[in-house]
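Asks: When you get a sec, could you give me coordinates for this:
(chains A, B, C and D)
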Protein chains: 2
Amino acid sequence: MTKDRHEPRIHDVAALAGVSVATVSRVMSNPAIVSKAAREAVERAIVETGYRLNVTARNLRQRQVGAVLALVPRLANPFFSQILSGIAEVLSERKLNLLVLDTDGPVLTGRPEALGAWLTRSHADGVIVLDGRLGPELFASVHCPPVVQACEWIAGLDAPRILADNVEGGRLAVRHLAELGHRYIAHLAGPAGNSLSISRRKGVERGFEETGIASEAAELRLSGEFSLRSGNAAAADLLSNHRQATAVFCDSDEMAIGLVHGLAGAGIRVPHDISVVGFDNIEMSAYALPPLTTIRQHRHRIGRKAAETLIALVRQEPCAPETILPVELLVRDSTRAPR
Amino acid sequence: MTKDRHEPRIHDVAALAGVSVATVSRVMSNPAIVSKAAREAVERAIVETGYRLNVTARNLRQRQVGAVLALVPRLANPFFSQILSGIAEVLSERKLNLLVLDTDGPVLTGRPEALGAWLTRSHADGVIVLDGRLGPELFASVHCPPVVQACEWIAGLDAPRILADNVEGGRLAVRHLAELGHRYIAHLAGPAGNSLSISRRKGVERGFEETGIASEAAELRLSGEFSLRSGNAAAADLLSNHRQATAVFCDSDEMAIGLVHGLAGAGIRVPHDISVVGFDNIEMSAYALPPLTTIRQHRHRIGRKAAETLIALVRQEPCAPETILPVELLVRDSTRAPR
DNA sequence: CTGTTAGCGCATTCAG
DNA sequence: CTGAATGCGCTAACAG
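Replies: Numbering: from 1, shown residues only, chains lettered A, B, ... in the order given. You can find the predicted model right below:
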């Protein structure tokens, strides 16, 4: 076994098997069209030489990259890992690579144009965007490969969307609280303009209407990001400006957990004094104290669906412009009737 | 990937600029060696044609892949996202792609050999292994590119390791508890044989020796995985088999939070009845109730260092066989003196 | 400093 | 069913 010398190439296999390189190539990609004798000779030669297909060469020849790029807002955020996991699952079934780019990484921050350099057909066969803050013009270039949006979406970007049923989520949360008897419900929303917050807000309002809360109390709005920290910070705001609220619906579990923490610091107990509902059902929410009532979102499934849609798009197969995946209310211990 | 008719190639740029393709190539890779006039002509032509370098072709020519593969045990686990983020940061500075493969993904599970297909020089220029359960033989093939291990490590695999100071972490945790007056300290360890648990165990024992606890009480061991669920399950074990313990050191924050949850279910309060120390300082630990005393591990920095080491390795530059990054004790509210 | 030329390793016509 | 020939788009010698 000579190691430092050439990695064996298709040519070496062909020579050893006594066939042409074309036949070897066929054995690798479509064995059925090769005679049994030739195929077996090639297979033997492959083993003997230790041949491995050079993926780069094949990609060049086939004018493809063999990889899909995922654009995530903050790779360090656990929220996305489940989605990536779903994406990775589908891609690896198709022998496609998953490329990950953190749109909040230091290379990109402050220079959104820099992202343009990555959005090229020579970098990836397709792109899955998980960051709703990016501008649609980034993806408008002719160089940009097909795009699918997942979870969040970008206004003005005409690319298939895979979303949770955010409206329904907001509605379910409010109805649950209303049924418990709450009348003053605050909504701790994500950043202004965020697509998720907007949809959930719509659901919240629908819930208010349906339960007749709108007439009794104006909705209370807080708004931050989706983070633990902002949830925590919202506690002070809630206590000083929205004293009458007996329940809070948060746009993420992280916010909810941060809020519970902040309230505890002020001596306010959940659910005894205030009820809290989250969104996402991150794994931690079941183990929080108190275990969090939340809206379950199938992030893994969203990831899978996004990858499947992108693959269809790349192949120019028809694909739905919007896919809405169902959500469910999970009642745990952070909600109860108001005192 | 169906390309449009003519993505402009280097040849088109050269023709428009009135220079040779070699000159265009030089402008792209090393502008300094080209005359100002030629360079500017090329730059103009690039803009005018909308030319983008074909990365695959360049990679083929340079016999490289332009990507690094990260092998993570469970992509859905938030623990790894920070590490990936650090890796991604360094790689993108170097214009390298980050490829992610979930070693627990359905494509690989049950068939560890399948991973071998990915461990090829044609798939990645290097590999960062974050999964200590993989067998060393996987990386022994001549086809496998350079490897670096981060966080966990594989016995018998001779590849540079980037680790947190796990021994010191275990020691700090025990000393902290001992200083508070605890004498019966349980260690909730990760899976048997896991490299992290072994090192931390060593630190725990050192702590026992230094504080003279060994003589008063045998160490208590529980063992599970690193997950919320296993921490939760350990609560029952602790209460039925290790009643005398007044403190628990857990090998991960997730375990610690799960344990606190499980204890709460049994009416045991932390830190009032039992003190708990975690490991990792995941973001959530500061917002848990009670906020968790833990050992801080700089995961982002570990990721960065791993990527830097791998790049050095690929370039055949010298690199340290082992890098140990410091840890710190963060005292929060889950520990206090025993009653 | 610049152009010419020869591949990188493979997949795919097109004949046979 | 098989083989010979032709690039995929680019970079790196090697001359000029």
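Asks: Spatially central residue in chain A, please.
Replies: Nearest to the geometric centre of chain A sits A:Ile83, at 4.2 Å (Cα atoms, centre = their mean).
Asks: my guess is A:Ile162 contacts A:Glu152, does it?
Replies: No - the criterion here is Cβ atoms under 8 Å, and A:Ile162 misses it with A:Glu152 at 10.5 Å. Yep, even glycine has a C-beta here, placed from its N, CA and C like the rest.
Asks: State the helix or strand in which the residue nearest to the centre of chain A lies.
Replies: Per DSSP states H and E, A:Ile83 falls inside helix A:78-93.
Asks: Packing partners of that helix?
Replies: strand A:67-72, strand A:97-102, helix A:299-314, helix B:78-93, strand B:97-102 (3 or more Cβ pairs under 8 Å, 6 or more residues apart in numbering or on different chains; DSSP states H and E).
Asks: could I get these as CSV with mean pLDDT and distance to B:Ile274?
Replies: Shown next, in CSV, are those (pLDDT from 0 to 100; distance: least, Cβ to Cβ, whole Å):
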stretch, mean pLDDT, distance to B:Ile274
strand A:67-72, 94, 38
strand A:97-102, 88, 39
helix A:299-314, 96, 33
helix B:78-93, 87, 24
strand B:97-102, 88, 35
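Asks: got these as a markdown table, with distance to DNA strand D columns?
Replies: Shown next, in a markdown table, are the helices and strands packed on helix A:78-93 (distance: least, Cβ to the nearest atom of the strand, whole Å):
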| stretch | distance to DNA strand D |
| --- | --- |
| strand A:67-72 | 16 |
| strand A:97-102 | 19 |
| helix A:299-314 | 17 |
| helix B:78-93 | 18 |
| strand B:97-102 | 16 |
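Asks: Mind listing the strands the lowest-mean-pLDDT helix or strand in chain A pairs with, and their directions?
Replies: Counting by mean pLDDT, DSSP states H and E, chain A has its least confident helix or strand at strand A:220-223, which shows a mean of 80. Strand A:220-223 has its sheet partners listed here by DSSP bridges as strand A:185-189 (parallel).
Asks: Past the partner strand, which element shows up next along the chain?
Replies: Next element after strand A:185-189 (DSSP H and E): helix A:195-211.
Asks: what is the rounded mean pLDDT of that following helix?
Replies: In this model, helix A:195-211 carries a mean pLDDT of 94.
Asks: Tell me the gap between that helix and the middle of its chain.
Replies: 22 Å (Cα atoms, centre = their mean, to the nearest Å).
Asks: For the stretch 1-150 of chain A, just list every one of the strands.
Replies: Assigned strands in the stretch 1-150 of chain A, in chain order: A:67-72, A:97-102, A:126-129, A:147-150 (criterion: DSSP state E, counting those that start in this stretch).
Asks: Send me the helix or strand just after the least confident helix or strand of chain A as PDB with only the CA atoms.
Replies: Using DSSP H and E, the helix or strand that follows strand A:220-223 towards the C-terminus is helix A:228-241. C-alpha atoms of helix A:228-241 as PDB (Å, rounded to 0.1, in the frame of the first residue of the first chain):
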ATOM      1  CA  LEU A 228     -33.500  34.900  28.000                       C
ATOM      2  CA  ARG A 229     -32.000  38.200  28.700                       C
ATOM      3  CA  SER A 230     -34.700  40.200  27.200                       C
ATOM      4  CA  GLY A 231     -37.300  38.100  28.900                       C
ATOM      5  CA  ASN A 232     -35.600  38.800  32.200                       C
ATOM      6  CA  ALA A 233     -35.500  42.500  31.500                       C
ATOM      7  CA  ALA A 234     -39.200  42.500  30.600                       C
ATOM      8  CA  ALA A 235     -40.000  41.600  34.200                       C
ATOM      9  CA  ALA A 236     -39.200  45.100  35.400                       C
ATOM     10  CA  ASP A 237     -41.200  46.700  32.600                       C
ATOM     11  CA  LEU A 238     -44.100  44.400  33.300                       C
ATOM     12  CA  LEU A 239     -44.200  45.200  37.000                       C
ATOM     13  CA  SER A 240     -43.800  49.000  36.600                       C
ATOM     14  CA  ASN A 241     -46.000  49.600  33.600                       C
END
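Asks: buried residues in helix A:228-241?
Replies: A:Leu228, A:Arg229, A:Ser230, A:Gly231, A:Asn232, A:Ala233, A:Ala234, A:Ala235, A:Asp237, A:Leu238, A:Leu239 (16 or more other Cβ atoms under 10 Å in any protein chain shown).
Asks: how about whatever residue of chain A ends up closest to chain B, what does it touch?
Replies: Residue of chain A nearest chain B, by Cβ to the nearest Cβ: A:Pro78 (3.2 Å). Contacts for A:Pro78 (Cβ atoms under 8 Å, 6 or more residues apart in numbering or on different chains) come out as A:Ile282, A:Met284, B:Pro78, B:Ser81.
Asks: Do you know the pLDDT at the closest residue to the second one other than its chain neighbours?
Replies: So the one you mean is A:Met284. Among residues not flanking A:Met284 along the chain, B:Met284 sits closest, at 5.7 Å (Cβ to Cβ, 6 or more residues apart in numbering or on different chains). pLDDT, B:Met284: 94.
Asks: Ok, A:Leu75 next?
Replies: 73.
Asks: What is the neighbour count of it?
Replies: 28 (other Cβ atoms under 10 Å in any protein chain shown).
Asks: for the one 10 residues further on, same thing?
Replies: Burial of A:Ser85 is recorded as 23 neighbouring residues (other Cβ under 10 Å).
Asks: For it, list the residues it contacts.
Replies: Counting by Cβ under 8 Å, 6+ apart, the residues that A:Ser85 touches are A:His300, A:Gly303, B:Arg74, B:Leu75, B:Ala76, B:Asp102, B:Gly105.
Asks: Please repeat the previous calculation with a cut-off of 10 Å.
Replies: A:98, A:299-300, A:303-304, B:72, B:74-77, B:100, B:102, B:104-105 (Cβ atoms under 10 Å, 6 or more residues apart in numbering or on different chains).
Asks: With A:Glu168 instead?
Replies: Contacts of A:Glu168 (Cβ under 10 Å, 6+ apart): A:Ser199, A:Arg200, A:Lys202, A:Gly203, A:Arg206, A:Gly207, A:Ile295, A:Ile324, A:Pro326, A:Val327, A:Glu328, A:Leu329.
Asks: Look up how far A:Gly203 lies from it.
Replies: Applying Cβ to Cβ, to the nearest Å, the value for A:Glu168 to A:Gly203 is 6 Å.
Asks: Overlap in contacts, these two.
Replies: Joint contacts of A:Glu168 and A:Gly203 (Cβ under 10 Å, 6+ apart) are A:Ile295, A:Val327.
Asks: Chain neighbours aside, what residue packs nearest to A:Lys305?
Replies: A:Ile162 (4.9 Å).
Asks: what about the one you found, distance to A:Ser252?
Replies: Relative to A:Ser252, A:Ile162 is positioned 18 Å away (Cβ to Cβ).
Asks: Between these two, which is the more surrounded one?
Replies: A:Ser252 (31 against 26).
Asks: Surely the more buried one touches A:Phe79?
Replies: Yes - contact status for A:Ser252 versus A:Phe79: in contact at 7.3 Å, counting by Cβ atoms under 10 Å.
Asks: Touching both of the two, which residues are there?
Replies: Counting by Cβ under 10 Å, 6+ apart, the common neighbours of A:Ser252 and A:Phe79 are A:Phe226, A:Ser227, A:Asp280, A:Ile282, A:Gln297.
Asks: Farthest pair within those residues?
Replies: Using Cβ to Cβ, the shared contacts of A:Ser252 and A:Phe79 span at most 17.0 Å, a distance reached by A:Ser227 and A:Gln297.
Asks: Which of the two has more residues huddled nearby?
Replies: More neighbours surround A:Gln297 than the other of A:Ser227 and A:Gln297, with 28 against 19 (other Cβ under 10 Å).
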